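Undergrad: predicted model and sequence below, questions to follow.
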Amino acid sequence: MTASLTLDAVSKRFRGARTTAVSNVTLHVAAGSCTAVLGPSGSGKSTLLRMVAGLEAPDSGRVLIGGHDVAGVTAERRGVGMVFQKSMLFPHLSVLDNVAFSARVRGEARRQARARAAEFLEMVQLRGFGARRVDELSGGQEQRVAIARALAAEPAVLLLDEPFSALDPALRADMHTLLDELRLTVGPTILLVTHDRDEASRVADRIAVLDGGELQHESDVAGAYRAPSSVRVAELMGARNLIPGVVTEGVHRSDLGEIAIADAAVCGPAVLVVRQEDVQVRRPAEASPSRHPLAGPGVPGSRADDDGRAPLAIETVAPARAPGPRWTGTVESARASGARMDLTIRVTPTVLLHAEVTAAGAPRLGERVELALPAGAAHVVAA
């Protein structure tokens, strides 16, 4: 019931369009894995999905399912199931018969098709809902039925086109948990389209970033966040600290100071990417007067000023085995985001750093704070 999916240099341009919807995209989704295609509206995500489903034909390139080119294979024979943003259930059929629909189309007897459909309803935690009408369901229940109907077709590849975007946060979290459970029990190959990076990181093994119809980045989830391939990808992944400078001999130099970059692949003009979640913020009184707040015992570079106070000058620590760079700054804004606080901190006259910290005990506006970055947390991309 599962197979690999490969897009081999696929392109699509619609008649009369001024730009190409999808341009030369190559992407591989291993059997049983989940890849999220992330991008803004109009980036070509849904067009990509529709080409896999057979609802659109690529102008060039190939779509392979289980290693077989499916060009010319009709949508219903591709072994693909698709769930849309709207459930697209048949209002004249009961919940059970909606799920049994594909089996009935294949020629199965009604009793057998319904028995199998009941198993899939139980799989999506809707046991006993089979006799209900579609208009008696909540939005979350409708999407569960849509997923059950797609799985009942026993697809090799399951395509999800922003199916949870209209649900409230609690229901969306429930659907993410459901996907986890289905992956354990059924193991489908999943290609998910979303504009929500949190959703992508929650449910997928890998993230493919699409922008302007072109594949900008593809990696595991950590790589998409921590090692974006460009400034644009960093922005789409929510990075807020993007500091221009120059890389020479593995060191990024900017108004923020000098920061050693491990395995820097860029030489010349480069943008330093620092995730706001990685910036550690402490009040000076919270730091030990004898060592840097991030350093362990005996770690070189873990020091304070000679009088025990936190340094007030901009300072980075970049020798080998150092705990990472550190600075001081002043909190210029503090915005609550649930149980977290988004801080904007003035570090130099030209550099603001964003930090995300727990709301409890967060620094106040105008407060002087110490900032530190774990070694290896900074990344650079070409300017």
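TA: It's in.
Undergrad: what's opposite Gly268 in the beta bridge?
TA: Val247 (DSSP bridges).
Undergrad: quick one, what contacts it?
TA: 246-248, 382-383 (Cβ atoms under 8 Å, 6 or more residues apart in numbering). To be clear about C-beta, it is placed using only N, CA and C from the backbone, and glycine gets the same treatment.
Undergrad: which among those gets closest to Leu158?
TA: Ala382 (36.3 Å; Cβ to Cβ).
Undergrad: pLDDT-wise, which helix or strand of the protein ranks last?
TA: Every helix and strand in the chain was compared by mean pLDDT, DSSP states H and E; the lowest is helix 101-105, with a mean of 87.
Undergrad: which residues are contacting that one?
TA: Contacts for helix 101-105 (Cβ under 8 Å, 6+ apart): 76, 90, 93, 97, 110, 112-113, 116-117, 149, 152-153.
Undergrad: just the buried residues out of those residues, in PyMOL syntax.
TA: For the buried members of the contacts of helix 101-105, the matching PyMOL selection, counting by 16 or more other Cβ atoms under 10 Å, is:
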select buried, resi 97+113+116+117+149+152+153
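Undergrad: where does pLDDT dip in the chain?
TA: Across the chain, residues meeting the criterion (pLDDT under 70) sit at 1, 285-323.
Undergrad: ok, longest strand in it?
TA: Longest strand of the chain, by residue count under DSSP state E: strand 326-337.
Undergrad: quick one on the thing from earlier: distance from the chain centre to the next helix or strand after the least confident helix or strand of the chain, please.
TA: Note on helix 101-105: by DSSP states H and E, the next helix or strand toward the C-terminus is helix 110-123. Counting by Cα atoms, centre = their mean, to the nearest Å, helix 110-123 is centred 34 Å from the centre of its parent chain.
Undergrad: next: stretch 327-344.
TA: That offset, for stretch 327-344, works out to 24 Å (Cα atoms, centre = their mean).
Undergrad: mind naming the longest helix for this protein?
TA: Taking DSSP state H as the criterion, the chain has its longest helix at helix 169-185.
Undergrad: between that one and helix 110-123, how many degrees?
TA: When axes from the mean of the first three to the mean of the last three Cα atoms, to 10 degrees is applied, the directions of helix 169-185 and helix 110-123 differ by 120 degrees.
Undergrad: ok, and what's touching helix 169-185?
TA: Helix 169-185 is contacted by residues 32, 34, 123-125, 138-140, 143-144, 147, 151, 163-164, 167, 188, 190, 199, 202-203 when judged by Cβ under 8 Å, 6+ apart.
Undergrad: let's see that with 10 Å instead.
TA: Outside helix 169-185, the residues that touch it by Cβ atoms under 10 Å, 6 or more residues apart in numbering are 32-34, 120, 123-125, 138-141, 143-144, 147-148, 151, 158, 160, 163-168, 188-190, 192, 196, 198-199, 202-205.
Undergrad: which of those residues fall in strands?
TA: Counting by DSSP E, the part of the contacts of helix 169-185 found in strands is 34, 158, 160, 189-190, 192.
Undergrad: from those, list the buried ones, please.
TA: Counted by 16+ other Cβ under 10 Å, the ones in strands among the contacts of helix 169-185 give 34, 158, 160, 189-190, 192 as buried.
Undergrad: okay but Leu38 is in contact with Met237, surely?
TA: Yes - using Cβ atoms under 10 Å, Leu38 is in contact with Met237, at 8.1 Å.
Undergrad: which residues are in contact with both of these two?
TA: Listed as contacting both Leu38 and Met237 by Cβ under 10 Å, 6+ apart are 197, 200-201, 207, 209, 217, 224.
Undergrad: counting only helices, which of the residues you listed make the cut?
TA: Counting by DSSP H, the part of the shared contacts of Leu38 and Met237 found in helices is 197, 200-201, 224.
Undergrad: JSON lines for the buried ones among the ones in strands among the contacts of helix 169-185, including distance to Thr19?
TA: Formatted as JSON lines, these follow (distance: Cβ to Cβ, whole Å):
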{"residue": "Cys34", "distance to Thr19": "29"}
{"residue": "Leu158", "distance to Thr19": "29"}
{"residue": "Leu160", "distance to Thr19": "25"}
{"residue": "Thr189", "distance to Thr19": "30"}
{"residue": "Ile190", "distance to Thr19": "28"}
{"residue": "Leu192", "distance to Thr19": "24"}
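Undergrad: nearest to Glu332 among those?
TA: Each of those was checked against Glu332 using Cβ to Cβ; the closest is Leu192, at 37.8 Å.
Undergrad: measure the closest one to Ala378 for me?
TA: 30 Å (Cβ to Cβ, to the nearest Å).
Undergrad: and the helices in the stretch 251-383 of the chain?
TA: Under the criterion DSSP state H, counting those that start in this stretch, the stretch 251-383 of the chain carries no helices.
Undergrad: tell me where the stretch 1-150 of the chain has helices.
TA: Under DSSP H, counting those that start in this stretch, the stretch 1-150 of the chain gives helices at 45-53, 95-99, 101-105, 110-123, 139-152.
Undergrad: out of the ones you listed, which comes closest to Ile65?
TA: That would be helix 45-53 among those, by Cβ to Cβ, at 8.0 Å.
Undergrad: so what's the gap between the closest one and the chain middle?
TA: Centre-to-centre, helix 45-53 and its host chain are 18 Å apart (Cα atoms, centre = their mean).
Undergrad: cool, and stretch 135-142?
TA: Here stretch 135-142 is found 27 Å from its chain centre; the criterion is Cα atoms, centre = their mean.
Undergrad: and if you look at stretch 148-158?
TA: With Cα atoms, centre = their mean, you get 24 Å for stretch 148-158.
Undergrad: and if you look at stretch 346-359?
TA: Computed by Cα atoms, centre = their mean, the separation of stretch 346-359 from the middle of its chain amounts to 24 Å.
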